[in-house]
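1. Okay, structure incoming, though there's no sequence with it:
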């Protein structure tokens, strides 16, 4: 394409760029440095409908100029000076004597922004609210205060939403540990239905009574929600959330794993025998001697100068070894070279530490000699695996075998076989996991699971099973019906982001608006 470029004149009508001006007559356009000013007036030959009775009228009473802001063009805000008519209503029975004409797409009653600009401001207000929304509008060449942005937000009408057949209930913190609110969603579609000012049973009961039609309520293990639903309508089916069931089991397994750390720690680094272990065994002996003599827990705590909960913890265990905790080591720079050190010490048990230090430095070790000596003295080289914590043991036990590597599955089998109680614990975890897929008949299987749990020597799992029995109807529904509270939990996470954007200074009305409109 040789030759010089040519500029071709292109005539574009203003109505093409600004289609909202197609219904009016434009008289003048002034492009200033700060704004684009457009002067226009409505057409005299177009009748308008009365907002009171709907009858058309073209009988002009007077004219006046409205200044309407529009979306920015070319990086400059647009201000339209529009001359509009005030018309007489020709219906003698109408309560309105006169009315001001409105131009579709350009003006609205009591508004100084076009509908297009109003939608932009409302979208920003819903997404960012006050100060943040005002700062973004400055970038879009519209100057509004944070109060104006909030006023635009609160003027948006929240659409009426019918009560869902399957409702999800969950609470969230307004101020953690002090004030809480609750959100109601459609558990099937995830649609947000309402935001309650608190999570009290009376508030939830009142909402359910005001919104008949709810047949199923999905909730967590909250006793307040359970009682509120029963008080509102005893026929509503309550479904506890399966995630919370599995989370409760995991917490119980964590405590059981910690109680039996002396068993599974034998396949790891050796337990350090020190003053703390001696004190633990001595306190266990003292507590059990008093209990065997018929002394009560409170009297034991007074005699031994221990807290009642501490006495309960010692009384719960039949062997003192269950209270001796396994060592918990942090990852160190030596860990990547553990296999090399283990192999060299197996080949030559008398190999000097200085030789080992030189060898692993050639492999990339950057730590000190003292760190290596401490690592060896702690017995971490000869152990079958790296040091484990009760939390990591719990993760291995509750993870699906398909999600574990081969070495992790081998370690999991070792942990499960470390003692009779750990074997029973692993079996109970596996059996409960099969109940997480809701099918008919799981309620009967749960009864058998609870019986086996209560027969095993697993006191923390006993407490979990007792909690299931207290909320048995909701648990049975969770294991047999397809409903869950997952979508409500997801909504709750998004609410936390909205809440934190306003730095906790928002009242309930503003927060409710943003949650339901987002």
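-> Looks like it came in fine. Given the structure is predicted, the values throughout are model-derived calculations rather than measurements.

2. show me what contacts residue 238?
-> By C-beta atoms under 8 Å, 6 or more residues apart in numbering, the contact set of residue 238 is 216, 217, 219, 226, 229, 230, 473, 474, 477. All C-beta spots, glycine's among them, are computed from the backbone N, C-alpha and C.

3. Once you drop chain neighbours, what's closest to it?
-> residue 474 (4.3 Å; C-beta to C-beta, 6 or more residues apart in numbering).

4. Please tell me how far that neighbour sits from residue 90.
-> To residue 90, residue 474 is 65 Å away according to C-beta to C-beta, to the nearest Å.

5. So which of the contacts of residue 238 wins on neighbours?
-> Highest neighbour count within the contacts of residue 238, by other C-beta atoms under 10 Å: residue 217, with 30 neighbours.

6. Make sure it is actually in contact with residue 235.
-> No: the pair residue 217 / residue 235 is not scored as a contact, 11.1 Å apart, by C-beta atoms under 8 Å.

7. quick one: residue 83 is in a strand?
-> Yes: assessed by DSSP: H, G, I helix; E, B strand; the rest coil, residue 83 belongs to a strand.

8. and the residue nearest to residue 238, which of the three is it?
-> Residue 474 - assigned by three-state DSSP - is helix.

9. Run through who's touching whichever strand or helix holds residue 341.
-> Per DSSP states H and E, residue 341 falls inside helix 338-347. With C-beta under 8 Å, 6+ apart as the test, helix 338-347 has contacts from 334, 351, 356, 359, 360, 363, 376, 380, 381, 382, 386.

10. In that helix, which residues are buried?
-> By neighbour count on 16 or more other C-beta atoms under 10 Å, the buried set for helix 338-347 is 338, 341, 344.

11. What is the nearest of those to residue 164?
-> residue 338 (55.5 Å; C-beta to C-beta).

12. residue ranges with poor pLDDT in the stretch 201-350 of the chain?
-> 266-274, 321-329 (pLDDT under 70).

13. what ranges do the strands span in it?
-> Remark: strands assigned in the stretch 201-350 of the chain by DSSP state E, counting those that start in this stretch are 216-219, 237-240.

14. can the ones you listed go into a markdown table with extra columns for distance to residue 72?
-> Below are those laid out as a markdown table (distance: least, C-beta to C-beta, whole Å):
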| stretch | distance to residue 72 |
| --- | --- |
| strand 216-219 | 46 |
| strand 237-240 | 51 |
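
15. Tell me which stretches of the stretch 251-400 of the chain form helices.
-> 261-264, 275-292, 297-304, 308-316, 338-347, 353-362, 369-377, 390-398 (DSSP state H, counting those that start in this stretch).

16. Low-confidence ranges, the protein, go.
-> 1-15, 266-274, 321-329, 382-387, 504-505.

17. returning to what we had before: mind checking the strands of the stretch 201-350 of the chain for the one nearest to residue 100?
-> Here strand 216-219 is closest among the strands of the stretch 201-350 of the chain (C-beta to C-beta), at 49.8 Å.

18. for that closest one, packing partners?
-> strand 166-175, helix 223-232, strand 237-240 (3 or more C-beta pairs under 8 Å, 6 or more residues apart in numbering; DSSP states H and E).

19. Go through the first one and flag the buried ones.
-> Going back to what we said before, that points to strand 166-175. 166, 167, 168, 169, 170, 171, 172, 174.

20. Which of those sits closest to residue 82?
-> Closest to residue 82, out of all of the buried residues of strand 166-175 and judged by C-beta to C-beta, is residue 174, at 44.8 Å.

21. what kind of secondary structure is the closest residue to that closest one other than its chain neighbours in?
-> Nearest residue to residue 174, sequence neighbours excluded (C-beta to C-beta, 6+ apart): residue 181, at 5.5 Å. Recorded secondary structure, residue 181: strand (three-state DSSP).

22. likewise the one 3 residues further on?
-> Secondary structure of residue 184, reduced to three states by three-state DSSP: strand.

23. Return the set of residues that bridge with it.
-> residue 169, residue 194 (DSSP bridges).

24. dump the residue contacts of it.
-> When contacts are counted by C-beta under 8 Å, 6+ apart, residue 184 touches 167, 168, 169, 192, 193, 194, 195, 196, 207.

25. again, 6 Å this time
-> Taking C-beta atoms under 6 Å, 6 or more residues apart in numbering, we find residue 184 in contact with 167, 193, 194.

26. do you know how far residue 291 is from residue 316?
-> Taken as C-beta to C-beta, the span from residue 291 to residue 316 is 11 Å.

27. of those two, who's got more company?
-> residue 291 (16 against 12).

28. so what's the more buried one up against?
-> Neighbours of residue 291 in contact, by C-beta under 6 Å, 6+ apart: residue 315.

29. swap in residue 237?
-> 216, 477.

30. how far away is it from residue 474?
-> Counting by C-beta to C-beta, the gap from residue 237 to residue 474 is 9 Å.

31. okay if I get the contacts of helix 338-347 as TSV plus distance to residue 95?
-> Formatted as TSV, those follow (distance: C-beta to C-beta, whole Å):
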residue	distance to residue 95
334	89
351	104
356	98
359	98
360	94
363	93
376	96
380	89
381	94
382	96
386	84
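
32. Tell me where the stretch 101-250 of the chain has helices.
-> Assigned by DSSP H, counting those that start in this stretch, the stretch 101-250 of the chain shows helices spanning 115-128, 130-139, 146-155, 201-210, 223-232, 242-259.

33. Just send those back as CSV, with distance to residue 436 too.
-> Shown next, in CSV, are the helices of the stretch 101-250 of the chain (distance: least, C-beta to C-beta, whole Å):
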stretch, distance to residue 436
helix 115-128, 37
helix 130-139, 41
helix 146-155, 41
helix 201-210, 27
helix 223-232, 21
helix 242-259, 6
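
34. Does the most centrally placed residue in the chain lie in a helix or a strand, and which?
-> For the chain, the residue sitting closest to the mean C-alpha position, by C-alpha atoms, centre = their mean, is residue 493 at 2.4 Å. Per DSSP H and E, residue 493 falls inside helix 486-501.
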